[in-house]
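J.: I need the structure of the sequence given here:
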Amino acid sequence: MNPVSKLLRHNLSLTQTVGFVLANLVGLTIVVAGLMIYLDAKPIWNGDDSFMKTDYVVVNKRVSMQNTLGASTAFTPAEVADLKARPWVRSLAPFTTADFRVSASITAPGQDRGLNTFLFFESLPREYVDVEGSWTYKPGDATVPVIMSRDYLALYNFGFATSAGLPQVSEKMISSVPLQLNITSNGTPGIGTRVQARIVGFSSRLNTILVPQEFMDWANATYGTGAPREPSRIIIDTNSPGDVAITDYIDEHGWEIGGDKSAARASFRPAARRQASREKQKQAVCGGDGRLPRSSTSPQAAPIRSASSILSASRHTAAASTAASGTPNGSSTRTSPASRHTAAA
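T.: Predicted coordinates for the structure are as follows:
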């Protein structure tokens, strides 16, 4: 018999061996289960959209009071041309907005009540959207594929549904339920159509509702006003998404990056910019020469002067007490060591 087997049989009983085997199985099960949970939950926090590359950046102008009073947030042709000439831009494309009105209705299986709401649509060229399956549309097709922002579903589930008593729905469930789209014309009242749609994906980076470019072109030509529209948002395919030159250019023009939930925007500033910021703050506080004003008081000087004042007051008090307690005819008074120590202090 093998000496190792003899040693194990001599020191381990059958019960201990079975216990060790069971403990190893339980530990292995816990490790495998934890690994599976980690792999399943990882895309929730740092997973990218499967249909949108991380090199894409969406840019739009900031909305201000001037826009409320009528100013436009659209990009002019000159701004688009200047943006396209940047060295960190590989390609760009404007978002196409809907020139018609659209509403959607949905009824969950087994529910008597449904949900009806107005929507808006945008579209991008086919090369900027990578969807599994068909992402196209031809007039007469039975279904229109739709990509919706994941934030919209969260607002419904945790805001509207809980307050209105409606059922909450998961991404998988709402993707399996068809949507009824009601399209009406902006140019000619009373003209419209109904089409079926289905959600084929959710985005964490795009705060919009995307439809195929072919559907948008057909619907705008059929039910739109025909007036030209300048883009209000632009998607950019960049060479390096974390390049600080991108944020510098966007901040210089007063724009912003929309749906910034990934590494598409650099969240750091180089040391030179931090040093320049500190110098500006120093000049604002100290003046142009970088020195504190004469009227300024050093924070360490106040405690020293306060201590000097207290010491001087103590000496005057001790002198007054000695004069008041002195004996007549100029005779001196003996003081204890503690009193002398107090007076010296």
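J.: list the buried ones in the helix or strand containing residue 193?
T.: In this structure, residue 193 sits in strand 192-203 according to DSSP states H and E. Residues 192, 195, 197, 199, 200, 201, 202, 203 are the ones in strand 192-203 that count as buried (16 or more other Cβ atoms under 10 Å). Every C-beta, even on glycine, is put in place using the N, C-alpha and C of the backbone.
J.: Tell me the strands beside it, with direction?
T.: For strand 192-203, the paired strands and their directions (DSSP bridges) read strand 143-149 (parallel), strand 179-185 (antiparallel).
J.: what sits against residue 87?
T.: Contact partners of residue 87, counting by Cβ atoms under 8 Å, 6 or more residues apart in numbering, are 239, 245.
J.: how near is residue 214 to residue 221?
T.: 11 Å (Cβ to Cβ, to the nearest Å).
J.: And those two? Which one has more around it.
T.: With neighbours defined as other Cβ atoms under 10 Å, residue 214 and residue 221 compare such that residue 214 has more, 17 against 10.
J.: Contacts only, for that one.
T.: Shown in contact with residue 214 (Cβ under 8 Å, 6+ apart): 136, 137, 138.
J.: Those, buried ones only, as a PyMOL selection?
T.: Of the contacts of residue 214, the buried ones can be selected in PyMOL as follows, counting by 16+ other Cβ under 10 Å:
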select buried, resi 137
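J.: now the contacts of residue 214 as a markdown table including pLDDT, distance to residue 144 and secondary structure?
T.: Below are those laid out as a markdown table (pLDDT from 0 to 100; distance: Cβ to Cβ, whole Å; DSSP: H, G, I helix; E, B strand; the rest coil):
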| residue | pLDDT | distance to residue 144 | secondary structure |
| --- | --- | --- | --- |
| 136 | 88 | 10 | coil |
| 137 | 91 | 6 | coil |
| 138 | 90 | 11 | coil |
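J.: List the backbone torsions phi and psi for the residue lying closest to residue 157 once chain neighbours are set aside.
T.: Of all residues not flanking residue 157 in the chain, residue 168 sits nearest, at 4.4 Å (Cβ to Cβ, 6 or more residues apart in numbering). Dihedral angles phi and psi of residue 168 (degrees, to the nearest 10) take the values phi -80, psi 150.
J.: List the residues that contact residue 168.
T.: Counting by Cβ under 8 Å, 6+ apart, residue 168 has contacts 156, 157, 158, 161, 162.
J.: Surely residue 182 touches residue 106?
T.: No - with contact defined as Cβ atoms under 8 Å, residue 182 and residue 106 do not form a contacting pair (11.9 Å).
J.: circling back to that earlier point, between the contacts of residue 168, which is nearest residue 95?
T.: Taking Cβ to Cβ as the measure, residue 95 sits nearest to residue 156 out of those, at 23.1 Å.
J.: So the closest one belongs to a helix, correct?
T.: Yes - counting by DSSP: H, G, I helix; E, B strand; the rest coil, residue 156 is located in a helix.
J.: From here on, call the first residue 41.
T.: Sounds good: first residue 41 from here, last item residue 196.
J.: how far away is it from residue 251?
T.: As judged by Cβ to Cβ, residue 196 and residue 251 stand 19 Å apart.
J.: Also residue 108?
T.: 28 Å.
J.: who's more crowded, these two?
T.: Each of residue 108 and residue 251 has its neighbours counted (other Cβ under 10 Å); residue 251 has more, 25 against 8.
J.: so what's the more buried one up against?
T.: Neighbours of residue 251 in contact, by Cβ under 8 Å, 6+ apart: 161, 162, 163, 177, 184, 185, 186, 187, 237.
J.: Just the closest of the residues you listed to residue 283, please.
T.: The nearest member of the contacts of residue 251 to residue 283, counting by Cβ to Cβ, is residue 162 at 26.1 Å.
J.: And the strands in the stretch 141-290 of the chain, which stretches?
T.: Here the stretch 141-290 of the chain has its strands, by DSSP state E, counting those that start in this stretch, at 155-159, 162-163, 183-189, 219-225, 232-243, 249-251, 273-278.
J.: Run through who's touching the third one.
T.: Counting by Cβ under 8 Å, 6+ apart, the neighbours of strand 183-189 from elsewhere in the structure are 91, 169, 171, 173-175, 177, 218-219, 221, 235-244, 246-252, 255, 299.
J.: and what of the fifth one?
T.: Counting contacts by Cβ under 8 Å, 6+ apart, the residues outside strand 232-243 that touch it are 89-92, 144, 171, 173, 175, 182-190, 193, 211, 214-215, 218-225, 250-251, 263, 299.
J.: of the residues you listed, buried ones?
T.: 89, 91-92, 144, 171, 175, 184-190, 193, 214, 219, 221-223, 225, 250-251, 263, 299.
J.: Kindly state the beta-bridge partners for residue 96.
T.: residue 277.
J.: count of neighbours near residue 131?
T.: Using other Cβ under 10 Å, residue 131 has 12 neighbouring residues.
J.: if we can go back for a sec, what does the pLDDT read for the residue nearest to residue 197?
T.: According to the prediction, residue 208 has pLDDT 87.
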